[in-house]
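Student: task: produce atomic coordinates for the following.
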Amino acid sequence: MAKNTNRVKPAETELKEKMVALNRVAKVTKGGRTFSFAAIVVVGDGNGTVGHGLGKAREVSAAIQKAVDDAKKNLVKIPVFKGTIPHEQHGKYGAGKVFILPATDGTGVIAGGAMRAVLELAGVHNVLAKSNGSSNPHNVIKATIDALSKLRSPFQVAKTRGLELEKVFNG
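Tutor: Residues are numbered from 1 along each chain as shown. You can find the predicted model right below:
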C-alpha cells in the first residue's frame with residue numbers, strides 16, 4: 001500500500017468524535033471469562049480533516065479514549081469543494097471496497113454506517129457512496145479514508161495540467 005502523503009498534524013482545533021463500533025471480546029481463563037472492549041472511533045473537524053483510531057481496554061470509556069487518542073495521530077486532509085468531493089473515486093482496504101460520487105447541493109450524505117461517520121466528520125455534506133465487499137467497520141473506514149486521500153482538488157488538477165482553474169471546469 002502506498003504511503004499516505006496527506007497526513008496532518010493534530011491541531012488544537014475543535015475535533016468532533018463519533019464512535020463507529022464497540023466490540024466486547026472474551027478471554028477464557030481458568031477463573032472464568034475476562035471481558036475487554038475494542039472501540040473504533042472517527043474524528044474530524046468538519047472542514048476536510050478526518051482520522052480513525054482503534055482502542056482496546058477493560059472498560060468502555062478507557063477503550064473509547066484510547067481510540068480517540070489513536071485517531072488524532074492518524075489525521076488526513078482531504079479536498080472538500082463546495083460541500084462535496086471534487087470527483088468520483090474508488091477506495092479499497094482488505095476486502096472492503098467503497099465508491100464515492102459527488103452530488104449536487106441538497107442531496108445530503110447518502111452512505112451507510114461507517115462510511116457516513118467518516119464523510120460527515122470530514123465535512124462532506126453532499127455525496128453518494130456505496131460500500132461493496134466486506135462490511136467490517138475496520139475495512140470500510142480504512143477504504144473510505146483511502147478513497148478520500150486519493151482525491152485531488154481542482155487546484156491540484158489545474159497545476160498538474162498547466163491550465164487555469166476555469167479551464168479545468170469548462171474543459
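
Student: CA atoms for contacts and neighbours, from now on please.
Tutor: Noted.

Student: where do the helices sit along the chain?
Tutor: Ranges of helices within the chain are 60-73, 113-122, 137-150, 154-161, 165-170, based on DSSP state H.

Student: and residue 97, which of the ones you listed is closest to it?
Tutor: Of all these, it is helix 137-150 that lies closest to residue 97, at 6.1 Å by C-alpha to C-alpha.

Student: who does the closest one touch, helix- and strand-wise?
Tutor: Contacts defined by 3 or more C-alpha pairs under 8 Å, 6 or more residues apart in numbering; DSSP states H and E place helix 137-150 against strand 49-57, strand 89-93, strand 96-102, helix 113-122.

Student: tell me which helix or strand of this structure sits lowest on mean pLDDT?
Tutor: helix 165-170 (a mean of 72; mean pLDDT, DSSP states H and E).

Student: export the helices and strands packed on helix 137-150 as a markdown table, with columns for distance to residue 76 and mean neighbour count.
Tutor: As requested, the helices and strands packed on helix 137-150 are exported to a markdown table (distance: least, C-alpha to C-alpha, whole Å; neighbours: other C-alpha atoms under 10 Å):
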| stretch | distance to residue 76 | mean neighbour count |
| --- | --- | --- |
| strand 49-57 | 6 | 25 |
| strand 89-93 | 15 | 20 |
| strand 96-102 | 17 | 21 |
| helix 113-122 | 9 | 24 |
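
Student: could the ones you listed be laid out in a markdown table, adding distance to residue 73 and mean pLDDT?
Tutor: Formatted as a markdown table, those follow (distance: least, C-alpha to C-alpha, whole Å; pLDDT from 0 to 100):
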| stretch | distance to residue 73 | mean pLDDT |
| --- | --- | --- |
| strand 49-57 | 8 | 95 |
| strand 89-93 | 19 | 94 |
| strand 96-102 | 23 | 94 |
| helix 113-122 | 16 | 92 |
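
Student: okay if I get those as a markdown table plus distance to residue 41?
Tutor: As requested, the helices and strands packed on helix 137-150 are exported to a markdown table (distance: least, C-alpha to C-alpha, whole Å):
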| stretch | distance to residue 41 |
| --- | --- |
| strand 49-57 | 5 |
| strand 89-93 | 17 |
| strand 96-102 | 18 |
| helix 113-122 | 9 |
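
Student: output the below-cut-off pLDDT ranges for the protein.
Tutor: Across the chain, the ranges flagged by pLDDT under 70 are 1-13, 169-171.

Student: follow-up on the earlier one: reformat the helices of the chain as JSON lines; add distance to residue 128.
Tutor: Formatted as JSON lines, the helices of the chain follow (distance: least, C-alpha to C-alpha, whole Å):
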{"stretch": "helix 60-73", "distance to residue 128": "25"}
{"stretch": "helix 113-122", "distance to residue 128": "10"}
{"stretch": "helix 137-150", "distance to residue 128": "12"}
{"stretch": "helix 154-161", "distance to residue 128": "19"}
{"stretch": "helix 165-170", "distance to residue 128": "21"}
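
Student: no further questions, thank you.
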